[in-house]
Structures are given as C-alpha cells and as structure tokens.
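*Asks:* Compute the structure for the input listed below.
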Amino acid sequence: MTSPSLPWSRRAFLATSAAVGAAFTVGVPRPAAAAEADEFAELRAKWRALYLGEGFSPTAEPFRSKLASLGTQAKAWQDAMTPATGSLWPDAVFGDPEPDTDTESYGYSEKIQTSYERVRMMAEAFCQPGTGLTGDASLRAAVLTALDHLSAQVYNKSQAQYGNWYNFQIGAPQRLLDICVLMYEHLSAEQLTAAVEAIDHFVPDSLVSTYTGTSTGANRIDLCRVLALRGVLDGTAAKVALARDAISPVFPYVTTGDGLYADGSLIQHTYVPYTGSYGAVLIDGLSRLFALLGGSTWAITDSGRQIFLDSVEAAYAPFLHDGLVMDNVAGRAISRGLVATDTLRIQQDDHARGHAIIASILLLGQGASAEENARWRALAKGWYTRDRYSDVTSGRTLGVAALSRVSALLDDSAVKAAAEPTGHKVFPSMARATHRTGRFTASVSMSSKAITFYENGNGENIHGWHTGSGMLYWWAAGDAAGGGQYSDGFWPTVDPYRLPGTTVSRKPLADGEGGTWGAARPATTWVGGATDGTYAAVAQDTRGLSSTLRAHKAWFFLDDAVVCLGAGITATDGAGVESVVDNRNLGAAGTAALTVNGRAQPSGAGWNATVQGARWAHLAGHGGYLFPGGASLTALREERTATWQSINGGGSTAPVTRRYVTLLADHGTDPADASYAYVLLPGATAQRTAARAADRDWLAVTANSGAQQGVRVPPLGLTSVAFWEPGTVGKVTVDAPLIVQIRERRDGTATVCVSDPTRSVQAATLMWRRPVKSVVSQPGSVTDASVGRELKLTFGDLSGAGGLTQKAVVTLS
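*Replies:* You can find the predicted model right below:
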C-alpha cells in the first residue's frame, strides 16, 4: 500500500490533534424536504463544533495564547498569499510541469494539501474568538479568493490526478470540506457546487466499493469522512448513507492484512504494527463520525461497532502509558520529531501522539455506553494527570477543540483518575507484548515473516532497521526521565545499531535498507509468548536485516524484573555482533552515576571499559541490572549529536545532542553459538540491586541454548521455558516447539500456559512431573488430560489458535 507524503497528511493530525469543522445554514442546489434540510444544517453545526471546540473561555490560558498564535499565523499567510499560475503562495508551488507519480510529482501534489491547510487555518482564525481576526472582512475575502484560485488552478472536476493519491483523495478534500463548512454562510452556490464537483471527481463512490488497496483501515475511515461531509455540505443523503455503510468493513476482526485482530493487534500497510499512528487516525476519524452522525438519520448502528468500542481497552490502552503511546506501534512516525509545519513547530513524540489518542477516546466515549464512557474518562484523567514529561494543559500537544474537551474532563471533580490496569498482554498478530506492574511498564518489539523489521517510506525512519529485533522499552515508576526516555531527542541521537534489548550485527546498512512500506521481514514464523495475564514468557527467532545473524532471544516478565536470555548467536558477516543490555538516554546534560559490582565508574563522556566478572550494575535514577553467573560487560558513555533530518527528510536541521550510558555484551566478530543472560530491574535502587544479586535462591536459569531457554523463580512459583525444539527442561517435557509457563499458587492450584508461536503445531503433549490432583479447567485445544504423579496434557491442532495462550488450571496434590 502506498502512503501519504511528507508534510501534512497523518503527520499534521498527529501533531496538532486539530478537529474538523462544521458550520451554519443549509443549502445548495439540490432540493430537500424542510425537515431533511434542517437535519443537514444540524450536522454542519455539529461538525463546526467538533472543529472549533466549545465550552472554553478564549481569555483563559492556554486558549488565549493558542488563539492569539492562530491569528498571528493566519495573518501571515493572508499577507503572503500571492495567487499565480500553479501556486497560491510562492513557496507552495503545486503546478507540476511533468505530472505523473514520481517523487517530484509527490512534492507538487503535497503542495495542494499544504495550500488548503493554510486556507483552513485562515478560515479557523476567522471563526474562532480571540484570534484578533474574528469576523475580519479582509480575511474572509482572502479565504474566498484562495478557494476560487485553487478551484480554478488545480482542484476541479477537469483536473487529472498526479503525484500522491492521498493528497487528492484525502488530504486536500478533507481540508476543503472543513473550509466550506466553516465558511458556509459566506460561500456562493457556485463556489459550493465547484467544491462538491471536484470532490466527486477525485473521490468517486467507487473508492469505497471494495475493501482493498488504499481503501482499508484508517484510509477507509478518512475516505468515509470525505464522503459524509461532502453529502452534508450540499444535502445529498445518498452520500452520507454511503459513507455510513462504507465504514462497516472496518469493524470485523481480520486474520491477515490491515485492520483490528481479535488479539488486540492493529496493522496497517499489511505488515506494520500501527496502533499509535494509523490507529490514531482510525480512532480519530471514527470518533468524529460517531459524534457527527449519532442521533441522526444516518447514525452508525452496525453491530460491529462494538468491536471497535472494545478496542479502546483491548488494543489502545495496553500501549498507553502515563500520557504517551509506545513508539513500537508508531511505525515511521517515530522519526518525525521536531517538524516545522505551516502552522506550528511541533514536537511529534510519543506523548503528543498519546495525548491525541486519549482525546479521541474521550470523544468516542460520547457514542459508547454509560459504563464504557465512565471507565474511559477515568482512564483518560489518569493518563493525562500522571504525565510528568508533557503537561497536556500547556496546550502544546492538542488543538483548541480537543483541548476544550480535555480541559472539561480535568476540571470535572466527579471523575476520579484511574490507575493503569496491571498485567501482561501478548499480541501475536503484530509480534508485540506489553507488561505492567506497580513498579514498571515495559514492551518488547519483535518481527517475523508477517511483521516487518521496521517501516520506512517517503524518506522517513531511514535508520529504524533494528527496532523489530527485540527492542525492549521500559519506564519505571518515578524514573529520572519523567516518561521522556524515548521522547527527548532519542531517535536521531541514539546509535541505531545499539537499541536497548536488541542483538544485532554491526554490518553497515544503507538508508532505508530492505525496502519501503514494511518490505523488510525475516524469514521466520517463530515469535510469540505465553502468559497467564500477570507474568509471561516471550521469545523471538531473531534474524538479522540483510545479515547472516541468527539468535534465539527470550524474555521472562516478572513482578519487578525482566529476565533476558540469548543463545545460538551466530553470524558470518565479517562484522561485530552485540547484544545491548540497555542504552539509556540521560538527556542533554545528564550525569547519572553508573556502578558495577558496587564500584563507581567514571562519569566523563567518551569513557568506555569492559568489566570481566560483572555480577550487577546500577544506573542512578534508572534501575539495576543483574548478570547471573557473571558476565563480560562492556560499558560506555557517549555524547551524540545529530539532526531529525538525518533520519527523516522532512525533519528539522537543528542539531540535537544527548548523552547516553550503554551496557552491552560484545560477542566479537562472526560469533558462533554465543549467548548472554541478564536481568533488568527497572527503578531499583543500588541497594536493592545488590541484594537481589546476592540472593541465589531468587532465580535459576534452567536452560539457555539454541534448543531451550528457561528460568525458574521459586518466590513466584514460576517455571517458564521457550522450547525451540522438543525436549526436557527441569520437570517439564514437550514434544513440539512451544512456549510454556507454569505458575504454582499458594492456594494449591497452578496455571499451565502454553502457546504455539509458529502457528503450525498440529498436535503436542506436555508432561509436568509434579503430583496433580485434578484439572479444574482446560482450553478446548486440550484433547486429553491425565493427573496423578504427573500431569499430562495432550493438545490437538494449535495452528488455528493464532499464537494465543492456551491456559489450564489444575489442583496440586
């Protein structure tokens, strides 16, 4: 699937969370009954309120400053406007001398969207209070002149499409419709007719006749928004009905390609986990369409809508943490950083994306049940109020409309902030897992034949090569970075070959190595996890991007720790291979103290050393690290400088400098069957880290080879094994490649969790040599169970289980 080009499109939405407009009276050429005409007028007024916001004081901060800034920028665009052949502004030429679909034409078509964006901003400044241009006659005239010029020059029923399809079918028409609704009472019948005819030309009904190509997922919702507003604009009921009905294919769960999966995964571009970017567009668009059409003749009543409502807690919430949405579901958006748009200079980080999604959840709640709405409002209040890195009330991350809804929530004393639900969730369909306890939150990113190493495209995220190679993100409660570890200039400055948690070859890779739009994928299906909802065992058959690297990696997620094992690490690239224990961003001037085996290490930039026999390490304000059995630990401090443009062609050229402490296992050049073992203790003090390192009864690594990787944690009653091959580890034997987690509880029961990460196991048997009295419950995949001196579970075909955990509960003897 192709995708929008650099500047506006998804990026502008994600950056500003700006709403979309609506307006006043009724009317254009098509006749309608008086009641129907009134309904269309109501819909335009509703859309206008969604765009402009309501219930806020324009003289109160941050609204006062935001509105004043809006007026200043709108005035600047008005003054700079110079209508000419092929352009409305000299720096936004859309006239393509050789129109086609090459890169140059993408640049020209993008300027159509840019031009409409500037005009929309001028229209908003005209309509919003407090801009200094509210109702200004000269600004109104400029908006109308701009509309006529763009219509005559490029966006009309006779123009052939060129460049990026997105600009013509979504980007430009959405902005044109917003302008028309905002300025409705000031437009002539001829101007409205020209707008709807142009939209009918570029966005015909046939674009939503089949659910395929560029008309799926978030793109489909964007197209439906265009069709719905086009119908609302001139009172064409059939267009609104078409938009409503064309939404329905988005609702059902999918098993391949784009869309929502039953396990909570959300995919766009066929291979890319995208909950935090295209998923943001999806929930934004649906929340607005639910709000627009709710209570009208065209209300969205498809029973499938509940699937999407359920996704708030099943798909979105697991990746939201204290105001941010995790970068491992944001695709190439992680590379956008500081972007100078036509309206603002915006820091597009995980918090900005998270704030926008949470605002959409608030709006979506208005069309959900009272119980759902209450839960979501409490969650939203918690997410916003716990965000110590980016205060939503500053107004930097949301547009006026979204901010008005958020401010109302924060001011509502009846809504109590809810804590994030703790627990673990595996998303087999997008090779991701998330983990929450009272001490920390973490998430791991993997890749497979079905899920890309990384996505690049349109010159974005060109160094994201290893983000799907086992990158482990984590945030400790009350950490030194305040939730900004991956927000504060991380992506341009971090060494892209040393992402936290990854095992990679240092073989040099080209910008965009492996191809665009998720084309780079490893030839393996072995990825997944088993979880009881609290703890988890997760594993990945790691393959190097354009590399001979092979490794088996496993993570065991506990209450205050993550045990990380690697084995079978082999490569013949002629390059060094490293496993990165961690790479912590200390900010622009951080000096966090590093201790290894209780001995303080140098704090100056440029220091590096290898410590033999490292048993534990601690980084002040971040957490601790254990190395069971001792390890050769390489540690270094770096001060790294880069620009956002170095990873994204549309990014800022301003230099960014950040300091890092990196801990890694150096496997040398072309290793054969190398391994590692370490334990991450997020947020731990040096004292707790040292005590845990000295506690020999807390953890046993029961296997760490290319055949099996496992741990036993006696205080938790936990036994976990990734069986890459059939075999025996401790008291557990399996005859198929499986991930197993067994948890013995103090109440005399145990949960036995099994998953088939390859999705290919036709039959399997698990033996646990532990006396078991009875089987309390078992999944449908178990065809036989026997108890006594040992437990034997026989599984049927697991290939259709989608990699999901099969859980049995037994009573112990």
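*Asks:* Only C-alpha atoms from now on, for both contacts and neighbour counts.
*Replies:* OK.
*Asks:* Next one: the residue nearest to the spatial centre of the chain from Ile358, what distance?
*Replies:* The centroid of the chain falls nearest to Gly276 when counting by C-alpha atoms, centre = their mean (2.2 Å). Distance of Gly276 to Ile358, computed by C-alpha to C-alpha, to the nearest Å: 11 Å.
*Asks:* Thr548 now?
*Replies:* 42 Å.
*Asks:* Settle it for me: which of these two has more neighbours?
*Replies:* A count of neighbours by other C-alpha atoms under 10 Å puts Ile358 above the other of Thr548 and Ile358, at 30 against 15.
*Asks:* which residue sits closest to the more buried one, ignoring its sequence neighbours?
*Replies:* Ala380 (6.0 Å; C-alpha to C-alpha, 6 or more residues apart in numbering).
*Asks:* cool, Val426 as well?
*Replies:* Using C-alpha to C-alpha, 6+ apart, the nearest residue to Val426 is Ala433, at 4.3 Å.
*Asks:* Ala417 too?
*Replies:* Nearest non-adjacent residue to Ala417, counting by C-alpha to C-alpha, 6+ apart: Gly382, 4.2 Å away.
*Asks:* Can you give me the buried ones in the helix or strand hosting that neighbour?
*Replies:* Assigned by DSSP states H and E, Gly382 belongs to helix 370-385. In terms of neighbour count (16 or more other C-alpha atoms under 10 Å), helix 370-385 has its buried residues at 372-385.
*Asks:* what's that helix packed up against?
*Replies:* Under the contact criterion of 3 or more C-alpha pairs under 8 Å, 6 or more residues apart in numbering; DSSP states H and E, helix 370-385 touches helix 350-365, helix 400-411.
*Asks:* List of residues touching the shortest one?
*Replies:* Yep, that's helix 400-411 we're talking about. 17-19, 49-56, 63, 66, 356, 359, 362-363, 377, 381, 393, 395, 415 (C-alpha atoms under 8 Å, 6 or more residues apart in numbering).
*Asks:* Just the buried residues from those residues, in ChimeraX please.
*Replies:* Of the contacts of helix 400-411, the buried ones go into a single ChimeraX selection, burial set by 16+ other C-alpha under 10 Å:
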select :17,18,19,49,50,51,52,53,54,56,63,66,356,359,362,363,377,381,393,395,415
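*Asks:* about what we covered before: format the helices and strands packed on helix 370-385 as a markdown table; extra columns: distance to Pro97 and mean pLDDT.
*Replies:* Formatted as a markdown table, these follow (distance: least, C-alpha to C-alpha, whole Å; pLDDT from 0 to 100):
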| stretch | distance to Pro97 | mean pLDDT |
| --- | --- | --- |
| helix 350-365 | 37 | 97 |
| helix 400-411 | 39 | 97 |
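*Asks:* looking at those, which is closest to Arg789?
*Replies:* helix 350-365 (51.0 Å; C-alpha to C-alpha).
*Asks:* CA atoms only for that closest one - export them in CSV, please.
*Replies:* What follows is helix 350-365, C-alpha atoms only, in CSV (Å, rounded to 0.1, in the frame of the first residue of the first chain):
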residue,chain,number,x,y,z
ASP,A,350,5.2,9.6,21.9
HIS,A,351,3.5,11.9,24.4
ALA,A,352,2.0,14.1,21.6
ARG,A,353,0.7,11.0,19.8
GLY,A,354,-0.6,9.6,23.1
HIS,A,355,-2.4,12.9,24.0
ALA,A,356,-4.2,12.8,20.7
ILE,A,357,-5.3,9.2,21.0
ILE,A,358,-6.6,9.8,24.6
ALA,A,359,-8.5,12.9,23.3
SER,A,360,-10.1,10.7,20.7
ILE,A,361,-11.1,8.1,23.3
LEU,A,362,-12.9,10.9,25.2
LEU,A,363,-14.8,11.8,22.1
LEU,A,364,-15.6,8.2,21.2
GLY,A,365,-17.0,7.7,24.7
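*Asks:* tilt between it and helix 400-411?
*Replies:* When axes from the mean of the first three to the mean of the last three C-alpha atoms, to 10 degrees is applied, the directions of helix 350-365 and helix 400-411 differ by 80 degrees.
*Asks:* And helix 350-365, what does it pack against?
*Replies:* If you count contacts as 3+ C-alpha pairs under 8 Å, 6+ apart, helix 350-365 packs onto helix 10-16, helix 278-293, strand 324-325, helix 370-385, helix 400-411.
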